[in-house]
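Enquirer: Compute the structure for the input listed below.
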Amino acid sequence: MIRRVRRKGLQASKDSTNTKNAPAVISCLEKTSAFASNEEEEGVIYYESKHEVDWTCLPDDTLVGLFSLLNYRDRASVASVCRTWHCLAYSSSLWNSLDLRAHSLDWDMASSLAGRCAKLQRLKFRGAAAANAIVSLKTRELKDLSGDGCRDLTDAALCMLAARHEALDTLQLGPDCEKITSEAIKMVAICCSNLRCLRLSGLRDVDSEAILALLKHCPNLTELGLIDCGVVDEIALSTATSLRFLSVAGSRIILWSSAAYLWSKTLNLVALDVSRTEITPNDVTCLLTSSKLRILCALNCPILEDASDSVVYHCKDKVLLARFTDLIKGMTAISSWSYQGPGSNGTFLEWRGGKIGQQENISMDLAGWTEWVLSHGLLRIAETNTPGLDSFWLKQGTAVMLSLIKSKQEDVQERGATALATFVVVDDENATVDPARAETVMHGGGIHLLLHLAKSCREGVQSEAAKAIANLSVNAEVAKAVAMEGGISILASLARSPNRWVAEEAAGGLWNLSVGEEHKGAIAEAGAIEALVELALKWPSGGEGVLERAAGALANLAADDKCSMNVATAGGVHALVRLARFCKHEGVQEQAARALANLAAHGDSNGNNAAVGREAGALEALVQLTCSNHEGVRQEAAGALWNLSFDDRNREAIAAAGGVEALVALARSCSNGSQGLQERAAGALWGLSVSEANSIAIGLVGGVAPLIALAQSDAEDVHETAAGALWNLAFNPGNALRIVEEEGVPALVCLCSSSHSKMARFMAALALAYMFDGSYFICRMDEVATGTVICDGISKTGGLDGARRMAMRHIEAFVQAFSDQQALSVAAALWAPTALQQVADSARIQEAGHLRCSGAEVGRFVMMLRNGSPVLRACAAFALLQFTMPGGRHAVHHVSLLQKNGAGRVLRAAAAATTAPLQAKVFARIVLRNLEHCQTEGLK
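Expert: Prediction:
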């Protein structure tokens, strides 16, 4: 049952209430309660209520239970509501564990938390800076200290931590503690005599003095982990008779022949981890002869795996965990040592949920230690992405990881989820997910388990579960399963988390899910768009991972017409423009520009294009981004400017912001860039060149030559957009001359005759028609060209005549290619509607219906209908046919322009002319029919 509490305001109580903070606090409590509604293990009962609840009158134990589900920031917030809540929020039971890994712990933050942390028992931190600030927490009773990202942690910092926390029972530091030496380990041994568990990762050298100091000063030390260390003194370890659990996984320099013999004879180990080492089958066999050793973990040991058949041991009382053994069977055997109750079948899952009998604590520790080393080992194997492991992952590795995320140990749950997130990605740079691995997780029930984990109140678990869901959702089938399991609403809620890591991974999950068109509506309905916009505004600086993922998700959603309106309504335009203007992270800039491009891509269907242009600084920021050193940023910024240039005001504003010069420079410099960059650079110039003033400016700043170069690209998308830009430029006689001078005629002729893109051929033909439409062209050319040489010694008359003949020949061939001669003859003889329709269908270029011409351009084609060249008359009629075909996006607009130009009379004359080419006559008659059709439709 879902708890529903409807509350209008706090009622007066005996305590003074801070009404300013109360609404936000209550909202946080309600959200947290909803998150935990399916977590039966939390012991919270939820109910439905139709009445208001006075939160200030709830029993103290109920409030403390709710407060325990909050993170430390929200616990601090509830303390400001009233005196009662202030006292309860400072309860030591709420502050016995603290996870600060997602936060930048400094001296000021530590000092502010110190008053609540006097009884703190367990602390997690990340980074050397946080380690230095921990002493300000004044946590003298700290028992468990765990640090991540300790690469820069020094001996001095570790010694200070040890000296200030003498009661430590467990100390874990890693990975890559390169700066910690054996001297610091000796100081830890002297200061922390109660140490029971020590796990260190990435040390360069652990000498005999450090090991002997631990054994001398820490009599309770039963577990030692020296993981991924360079040198470990195996002889000194042989004297560690107090140890029960030892891990030397990944240690590079150990003399295994000596170590195996000494450890099997002298140590009292019950569990040993030698994963990722050079141990041999003989050494493993020797170790397994130890009477006390029960578990030997040897994952990913190359020498051992190459000769696995030679390993001999008694499997009834010992377990060898390796890639060539049955890991699930081994885990089940370990669980049976921990619990054998009435009716038990000894399964690992049953042990995890059952009651523990009167066994030694060592039995419980065996299962917990096994989970820890397996989660660590599998994660390291996944991180290295070792080839040839598909069979292992599919047959048992996935099942083991899914079992680990059911663990009661939070660290194991986190690493299990991280391992799942990591092993499915086979190419991190291109975000490629192995479909077989992802679907194995799905079929094994992993989606349900991860979503359940994501609803935990523990932020570290939430972030790793969300990361796994995000990576798995790259696979379309898994994405469907995530949506069906309710994952979208869970991720939407997590995206509102104040924890940066949780919000980042949740936004990443929404980014991947939003790739699928079928999920966009559900994402909007879950309120995720508002959450993503809030994220984009929440971290204007720093938190680049959050910002990039939020902007990426908004970019995908903005590609949908309805969702784009939701993005704009939620304040997405302002948020995205702000990122484009002020964020210096290239990934954020790229996704923000892509989102703005998609918002502006819907043309007449909504007002987002104009809205982006009106946002202060938007166009200037995008123009500036076209000069970025990052190709992806340049590409998306040019794409945004291309889409925005469809709006008349935006087009002129882009030019005023320096867009013409910037885009010409981009077109000139992108010859070695990606096809996407080239297409968008040419496309943005195409969009700007719709304006005659911009067209002239593009020509004046040298835009013709780079466009001709792009028109010669083998990529259809590139040369098609370049042809569109050259078509617009050719309308101006000055630009027409520049195209001839830059040897653009052969390039356009090549497109007109050989491109696989019908649109490229069409626009190239129209550009050539503009350039050589008879007396109009020659007269205007005389106005702009005072010299007598066109290019490289070719005379003006000879060069123009030769170019014109070549152009006319290919224009004629182009029109012929879309003409069915038999259908044309029938249509000309009968003028029957069906015959005309057959000609129109065969001649129609579907994409041409998206082109929009100005009144001057339409007038130019009407003039061509009266041109002395039969080729140009046929070309003009063919163009007008394309622009007026019913169903075309701008057909009504073009018909209106034709009517204003009095084109009906010219079209009728062209259709009736006895000397006109057959194509011109029939195409002109079809255009007349299109005009009549639009008039008829307009009267309805």
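Enquirer: which residues of the stretch 251-400 of the chain score low on pLDDT?
Expert: 312-315, 338-364 (pLDDT under 70).
Enquirer: Next secondary structure after the worst-scoring helix or strand of the chain on mean pLDDT?
Expert: The least trusted helix or strand in the chain, going by mean pLDDT, DSSP states H and E, turns out to be helix 348-353, with a mean of 40. Later in the chain than helix 348-353, the nearest helix or strand by DSSP states H and E is helix 361-384.
Enquirer: Show me how far that following helix is from its chain's centre.
Expert: Relative to the chain's own centre, helix 361-384 is displaced by 30 Å; criterion: Cα atoms, centre = their mean, to the nearest Å.
Enquirer: Now it - C-alpha only, CSV.
Expert: Written as CSV, here are the backbone C-alpha positions of helix 361-384 (Å, rounded to 0.1, in the frame of the first residue of the first chain):
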residue,chain,number,x,y,z
ASN,A,361,31.3,-16.1,14.6
ILE,A,362,33.9,-17.3,12.2
SER,A,363,31.2,-19.1,10.2
MET,A,364,29.3,-15.8,9.7
ASP,A,365,32.6,-14.1,8.8
LEU,A,366,33.3,-16.7,6.1
ALA,A,367,30.2,-15.8,4.1
GLY,A,368,30.7,-12.1,4.6
TRP,A,369,34.4,-12.2,3.6
THR,A,370,33.6,-14.4,0.6
GLU,A,371,31.1,-11.8,-0.6
TRP,A,372,33.6,-9.0,-0.1
VAL,A,373,36.4,-10.7,-2.1
LEU,A,374,34.1,-11.8,-4.9
SER,A,375,32.7,-8.4,-5.3
HIS,A,376,36.1,-6.8,-5.3
GLY,A,377,37.6,-9.5,-7.7
LEU,A,378,34.7,-9.4,-10.2
LEU,A,379,34.8,-5.6,-10.3
ARG,A,380,38.5,-5.5,-11.0
ILE,A,381,38.1,-8.2,-13.8
ALA,A,382,35.2,-6.1,-15.3
GLU,A,383,37.3,-2.9,-15.1
THR,A,384,40.2,-4.5,-17.1
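Enquirer: now for it, which elements pack on it?
Expert: Under the contact criterion of 3 or more Cβ pairs under 8 Å, 6 or more residues apart in numbering; DSSP states H and E, helix 361-384 touches strand 223-227, strand 245-247, strand 271-273, strand 295-297, helix 327-338, helix 398-404, helix 410-423. Placement of C-beta: from N, CA and C, glycine included.
Enquirer: could you redo the last one with a cut-off of 7 Å?
Expert: Counting by 3 or more Cβ pairs under 7 Å, 6 or more residues apart in numbering; DSSP states H and E, the packing neighbours recorded for helix 361-384 are strand 271-273, strand 295-297, helix 327-338, helix 398-404, helix 410-423.
Enquirer: got the contact list for the helix or strand harbouring A640?
Expert: Using DSSP H and E, A640 falls within helix 631-644. By Cβ atoms under 7 Å, 6 or more residues apart in numbering, the residues outside helix 631-644 that reach it are 586, 589-590, 593-594, 596-597, 600-601, 609, 612-613, 619, 622, 625-626, 628, 650, 654, 659, 663, 666, 673-674, 676-677, 680-681, 683-684, 687.
Enquirer: try stretch 92-104
Expert: Here stretch 92-104 makes contact (Cβ under 7 Å, 6+ apart) with 64, 67-68, 72, 75, 116-117, 119-126, 130, 148, 459-460, 499-501.
Enquirer: low-confidence ranges in the stretch 51-200 of the chain?
Expert: Scanning the stretch 51-200 of the chain for pLDDT under 70 picks out 51-56.
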